[in-house]
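Visitor: this one's sequence-less:
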């Protein structure tokens, strides 16, 4: 194709368009030049590598720090058999590290990744940076599913409960989240266009409704169930255990495995449903898979950690500022940063007032709520609010 | 060739297209003209395959209903009227979407032409719409006319080769020049004409009758959801048609040597 379809005697724009395959003195300079030419993929890959390193570091730090003075060095020495004295590793240390801190870090990583990726996928699906499972009632729906299981599980569905075992809570939360997401999409989207105001207001209404039903169930609950509910609803990683991980990890990992296949479609969806279809995206299927993925990962996260808010809105937004909105990079980066953020928030939660613990939801809300207001004020005009 | 056969579209209880039939040949620019609300855009959407309709639409002999979205995307690209996007993509990222999303054709094209050709196509497409050097800009910060041209570059890169494996591709343009200055109106119309000259096809919804007369090979005139006339510009752009279709009594004149019709609002008879 000749580029010269311009009017006779007319010169092309004088600015030379930068070639992405130029030879550059250093890789960093090349990445910067590509970014200036509108190609942020190199930058994004670099950030993902960096985030992976940060995630590893946070994970290690989380296992090493805590209210109790349990040494990881000793644990490693004990594991490698270089030192076998009792002083090297007491049983207490082993339990603290392997059965308390390690599952907690693993769960934090899983839940953080699940929440951040759900947020990013939902924002792509609704074409709006304010969509977040916590804000628009999806987490409330998941919570309702969990509460139904705790209160009615042992009586009404006892047979089912024993059948699905540890998966009862995550699966119930998944269905709660699925129903809410589906309703929300049906209410807020008309003719391929999503109304932000309708989405947020419908989310408020759905969350209120889920809250009301939850309230009725709590009213009906007996003492033992009330205790289960309280522990569940604290919104923390405090109850992390290998059993909880076994229940949530398969669902969260399966969702995360599906997400890369949504990236291109979600990118196209930014231009609208019709444009995405024009570009060859099977839009209906994309939306279905996205809704199920969001519901599954939110459901699993809520089932094991209660409601932890704002991760899904803060993480993708920060990353968009850094590497742009391309979901091929945004989604994996969100998983890493979400995991890191939750591990870090959990470390703060359990070390600021030792030996007591703050619920982690308080930390994420302190960081996230002002951030949310900031996005809202900054983007008010362009989001049509 | 794109053929619409007896296409009827209902929206709610209202029928917005009544048995519309039209043919758009490869190698020709087909313009759809008519007053506001006459069903031009709906016709284009039906041809693009995004609307449920009665009747049949064939592209290269295949019923569009039988093709998967990604197959359709290799045979036609669509420029919508206006596109608002929610996230801050750069111009290059938007244009490259046309190359990377769904359409296996572009992937095939890129593979055939070697590594890095996607970037080259994106760049050439931007230059073709006179936006060379805009690749690094954020889409949301561009003017309406510039955004429209970015979208055209995106559509163009989706079906970069006008003819692929002997099968012509079609650009479906909904008011491609509506928010452009006069120079870029000509740039875009020449680009479309060039695409036809190289074997592709163009179907454009047009409001500017003079540009239509200048560039279109085939004009479809619509009114109230029906096709009123179809043919060469000279055949359908007549005094009587202006009055029948637009309800606007005006004189159609001709540019002397070629006889190309043109209209002047000043000739309106009140």
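Guide: Structure's in. What do you need? Bear in mind the structure is a predicted one, so any value in this text is a computation, not a measurement.

Visitor: tell me which parts of the stretch 201-350 of chain A are close to chain B?
Guide: Counting by C-beta under 8 Å from any C-beta of the partner chain, the stretch 201-350 of chain A comes close to chain B at A:264-265, A:267-268, A:270-272, A:274-283, A:320, A:324-326. To be clear about C-beta, it is placed using only N, CA and C from the backbone, and glycine gets the same treatment.

Visitor: how does it look with 6 Å?
Guide: Applying C-beta under 6 Å from any C-beta of the partner chain, we find that the stretch 201-350 of chain A lies next to chain B at A:264, A:267-268, A:270-271, A:274-275, A:277-282, A:325.

Visitor: Quick one: mean pLDDT over stretch A:223-243.
Guide: In this model, stretch A:223-243 carries a mean pLDDT of 75.

Visitor: and it, how far out from the chain's middle?
Guide: The gap between where stretch A:223-243 is centred and where its chain is centred comes out at 20 Å by C-alpha atoms, centre = their mean, to the nearest Å.

Visitor: What is the end-to-end distance of that stretch?
Guide: One end of stretch A:223-243 sits 24 Å from the other (C-alpha to C-alpha, to the nearest Å).

Visitor: helices and strands of the chain: which one has the lowest mean pLDDT?
Guide: Looking at chain A here, since you left the chain open. Ranking every helix and strand in chain A by mean pLDDT, DSSP states H and E puts helix A:158-164 at the bottom, with a mean of 56.

Visitor: other chain: chain B
Guide: Least confident helix or strand, chain B: helix B:104-113 with a mean of 47, by mean pLDDT, DSSP H and E.

Visitor: Please identify which helix or strand holds the closest residue to chain B within chain A.
Guide: Going by C-beta to the nearest C-beta, chain B is nearest to residue A:280 of chain A, at 2.5 Å. Taking DSSP states H and E as the definition, one finds residue A:280 inside no helix or strand.

Visitor: Would you check that it makes contact with residue B:67?
Guide: No. The pair residue A:280 / residue B:67 is not scored as a contact, 10.2 Å apart, by C-beta atoms under 6 Å.

Visitor: Between those two, which has more neighbouring residues?
Guide: residue A:280 (25 against 16; other C-beta atoms under 10 Å in any protein chain shown).

Visitor: residues touching residue A:333, list them.
Guide: A:48, A:51, A:319 (C-beta atoms under 6 Å, 6 or more residues apart in numbering or on different chains).

Visitor: per-residue pLDDT, the closest residue in space to residue A:125 that isn't next to it in sequence?
Guide: Nearest residue to residue A:125, sequence neighbours excluded (C-beta to C-beta, 6 or more residues apart in numbering or on different chains): residue A:290, at 4.7 Å. You'll see residue A:290 listed with a pLDDT of 89.

Visitor: Is residue A:290 within a helix or a strand, and which one?
Guide: Applying DSSP H and E, one finds residue A:290 within helix A:283-305.

Visitor: rewinding a little: which secondary structure elements does whatever helix or strand comes next after the least confident helix or strand of chain B contact?
Guide: Under the assignment DSSP H and E, the closest C-terminal helix or strand after helix B:104-113 is helix B:117-128. On a contact count with 3 or more C-beta pairs under 6 Å, 6 or more residues apart in numbering or on different chains; DSSP states H and E, helix B:117-128 meets helix B:91-100, helix B:144-158.

Visitor: worst average pLDDT in those helices?
Guide: The stretch with the lowest mean pLDDT among the helices and strands packed on helix B:117-128 is helix B:91-100, at a mean of 89.
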